[in-house]
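Trainee: no sequence for this one, just the structure:
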């Protein structure tokens, strides 16, 4: 019998395992599941605010057209306020009660500077984001709420709506009304009816889009099963507000392209709803609007989405829906891709889109993603998309803001009648002077670093600015006046024509500092802006920088000149003459 000897396998030497990787894993897990990740995601909401503040700081100081008309309506030539008359507070068919008060305060405190009013609008929009964040149901995880707040900030401050911040008179009305409506609806869903109604009334004298809140308040009272008088009172008060508006509203200007068909109305309506989700296509905006409506129809079938905790978001979407319908009805006859072209309508698209994001997040959170990581990620990406798609609007608005200084020169010089859309200079200028309103402030400047309107330049010290030859960068300073507006007839100031000159000037060795207009004695009588982007120049002349364009305005006579002042102080001139009309359209700016 053979005996088997069983040998024990040698035991491996124990390996010392470092606790550091495990501790890092635990720390990472705590960070992801703890309070710090939602806090950091919430901080992302600050970035769009800072970006918009930067845009406001770079905006022009002169207020824009509707503001200036409103100022002539509510003030006397000596700058004092007229006796109250509701008709004076109607501008572009809106009761601008609260905005007019804010305009007046800005005049008293900051000389009517458009930028300080813009800072106020940024604050209003930031408070709107805070209020929307407060409306999020606590049943959503902190990370989901943080993602929605970050996305909401990106959409509210999307470059699509940069108009409302850099043309602050518009945002003071639109975005203030939006904030008031948001807070009114928050109070209403919590049963605090009296303050909600007071705010709805305040919103109605802020901007016409707030009229839509009255039927929404009535519906909220009905779904909350409130007493009948609480359901009917908003309809009655809203009806009275509408009747007063109808009695005092000015007649609308003549429509450019009347379109009374249902198809045009529907297209306009859908484009306003979906504007946020396209860059430059009215058709895509209408498609996005239709998708939003389809999404709401689908969400309405979800029991989760219909829960009382989400009624605020349905109410906000209902307000945006009615607001878009009002805009479509009032503006469809103006033609064009208005859903795209008119940037101030973006806020309606935001108020329609954000509730859809919240409702969808609530449904998915309940059924498939209770931790909320995926919801937060997708929500943030949606916010980034809505923000990025506004870039073309921002480019156009920045260019318009830069050229707006030309209009400030015209107002300061008293020849703003050259812009037919402005109030009469005889009505506007005395009011601005009496109020100490920009551009009639001591710090107004042409931006030349010295010479201003009324200064004298030495005509003998100037040399002609020669045109470029061929298509290469000239070795000398070069430039030309290319076209004027209006082409014919030019408006007059003291018997002299006042065209707006567009041209370019470039010198690689001695960059352009500014461009002015002088009369036959060398006195500066006009000015404008230099350094405008002209991509066509870079294509036409190899080596010329695209920021070589200028636009100037001023009264001209036979001896007048357009003078280019270079960084060294050198003076070069072009004839201040209206060139013959080009065989093709003027080059793009």
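Mentor: Received it, and whenever you're ready, just let me know what you need. The structure displayed is predicted, hence computed values, not measured ones. Numbers count the residues shown, from 1 in each chain.

Trainee: for the one helix or strand residue 484 maps to, packing partners?
Mentor: Using DSSP states H and E, residue 484 sits within strand 478-485. Strand 478-485 sits against strand 500-506, strand 571-575, with contacts defined as 3 or more Cβ pairs under 8 Å, 6 or more residues apart in numbering; DSSP states H and E. Where you see a C-beta, it was placed from the backbone N, CA and C, and this is true even at glycine.

Trainee: Any stretches of the stretch 451-589 of the chain with poor pLDDT?
Mentor: Counting by pLDDT under 70, the stretch 451-589 of the chain contains low-confidence ranges at 472-474, 487-490, 579-589.

Trainee: Mind pulling the model confidence for residue 74?
Mentor: pLDDT, residue 74: 90.

Trainee: Could you report the distance from the closest residue to residue 560 other than its chain neighbours to residue 513?
Mentor: Residue nearest to residue 560 in three dimensions, not counting chain neighbours: residue 576, with 3.9 Å by Cβ to Cβ, 6 or more residues apart in numbering. Applying Cβ to Cβ, to the nearest Å, the value for residue 576 to residue 513 is 19 Å.

Trainee: okay, now residue 357: neighbour count?
Mentor: 22 (other Cβ atoms under 10 Å).

Trainee: how much space between it and residue 149?
Mentor: Remark: distance between residue 357 and residue 149 (Cβ to Cβ) = 11 Å.

Trainee: In contact with the closest residue to residue 572 other than its chain neighbours, which residues are there?
Mentor: Leaving aside its chain neighbours, residue 572 sits nearest to residue 465 (4.1 Å; criterion: Cβ to Cβ, 6+ apart). Contacts for residue 465 were tallied using Cβ atoms under 8 Å, 6 or more residues apart in numbering; they are 477, 478, 479, 480, 505, 564, 572, 573, 574.

Trainee: mind pulling up the phi and psi values for residue 167?
Mentor: Here is the backbone geometry of residue 167 (degrees, to the nearest 10): phi -110, psi 70.

Trainee: Tell me which residues touch the nearest residue to it once chain neighbours are set aside, please.
Mentor: Distance criterion Cβ to Cβ, 6+ apart; nearest residue to residue 167, sequence neighbours excluded, is residue 64 at 4.8 Å. Residues counted as contacts of residue 64 (Cβ under 8 Å, 6+ apart) are 114, 167, 169, 170, 404.

Trainee: The first one - how many residues pack around it?
Mentor: For residue 114, the number of neighbouring residues by other Cβ under 10 Å comes to 24.

Trainee: list the contacts for it?
Mentor: Contacts of residue 114 (Cβ under 8 Å, 6+ apart): 59, 60, 61, 62, 63, 64, 166, 167, 168, 169, 438.

Trainee: helix or strand right after the helix or strand of the chain with the lowest mean pLDDT?
Mentor: Lowest by mean pLDDT, DSSP states H and E among the helices and strands of the chain is helix 338-341, with a mean of 54. Next helix or strand after helix 338-341 toward the C-terminus (DSSP H and E): helix 346-367.

Trainee: Do you have the strands of this protein handy? List them.
Mentor: For the chain, the strands defined by DSSP state E occupy 90-91, 94-95, 462-464, 478-485, 492-493, 496-497, 500-506, 512-518, 524-532, 549-553, 561-566, 571-575.

Trainee: Is it possible to get CSV of those that adds mean neighbour count and distance to residue 210?
Mentor: Shown next, in CSV, are these (neighbours: other Cβ atoms under 10 Å; distance: least, Cβ to Cβ, whole Å):
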stretch, mean neighbour count, distance to residue 210
strand 90-91, 20, 14
strand 94-95, 24, 9
strand 462-464, 13, 56
strand 478-485, 19, 37
strand 492-493, 17, 41
strand 496-497, 18, 45
strand 500-506, 24, 37
strand 512-518, 25, 44
strand 524-532, 24, 37
strand 549-553, 25, 38
strand 561-566, 24, 48
strand 571-575, 20, 51
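
Trainee: could I get these as a markdown table with distance to residue 276?
Mentor: Compiled in a markdown table, these are given as follows (distance: least, Cβ to Cβ, whole Å):
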| stretch | distance to residue 276 |
| --- | --- |
| strand 90-91 | 26 |
| strand 94-95 | 22 |
| strand 462-464 | 51 |
| strand 478-485 | 33 |
| strand 492-493 | 43 |
| strand 496-497 | 44 |
| strand 500-506 | 33 |
| strand 512-518 | 38 |
| strand 524-532 | 29 |
| strand 549-553 | 31 |
| strand 561-566 | 42 |
| strand 571-575 | 44 |
